[in-house]
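Q: Let me see the structure of the following:
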Amino acid sequence: MDAQNPHAIAEQLEQTFKDKVCVVKLKHRADHLASARMEIEDVYVDNDTDGNTLRFVGRVAGASQDHAMVAIPTGAGAFHASLSEADNRAVVDGGDYQVTIIPDPVGR
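A: Residues are numbered from 1 along each chain as shown. Alright, predicted model coming up:
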């Protein structure tokens, strides 16, 4: 995957990671803002916000029924995503923000 369209990125990421346990990390420049280990349920572009936002939503991994969400703005600068075939990691860059999705090899 090597895409710049947020909707195409969301579709590809959902196909790749849906129902899999992943660590989803959000950075702003060098600052780590969020990290969640979740079973990915949905990846989508939320058009209801002031500007579009790419959201990753999932069930917190483990016995919890709680949910987690990590999001990146799509209009914060050049938007790009790539998927590493070597380790199946995905990186989404949007301006000064970056989301990394790392599959858990022992998760589903």
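
Q: which residue sits closest to Arg55, ignoring its sequence neighbours?
A: Among residues not flanking Arg55 along the chain, Ala71 sits closest, at 4.6 Å (CB to CB, 6 or more residues apart in numbering). For the C-beta atoms, the positions are set from N, CA and C on the backbone; glycine is no exception.

Q: His80 touches Gly95, doesn't it?
A: No. His80 is beyond contact range of Gly95, at 10.3 Å (criterion: CB atoms under 8 Å).

Q: and the gap between the residue nearest to Arg55 and Pro105?
A: Distance, Ala71 to Pro105, by CB to CB, to the nearest Å: 25 Å.

Q: before we move on, the earlier item: tell me the helix or strand right after the host helix or strand of the residue nearest to Arg55.
A: Secondary structure from DSSP states H and E places Ala71 in strand 67-73. Counting by DSSP H and E, the next helix or strand C-terminal to strand 67-73 is strand 79-83.

Q: who touches that next one?
A: When contacts are defined by CB atoms under 8 Å, 6 or more residues apart in numbering, strand 79-83 is touched by residues 1-4, 6, 9, 12-13, 16, 89-95.
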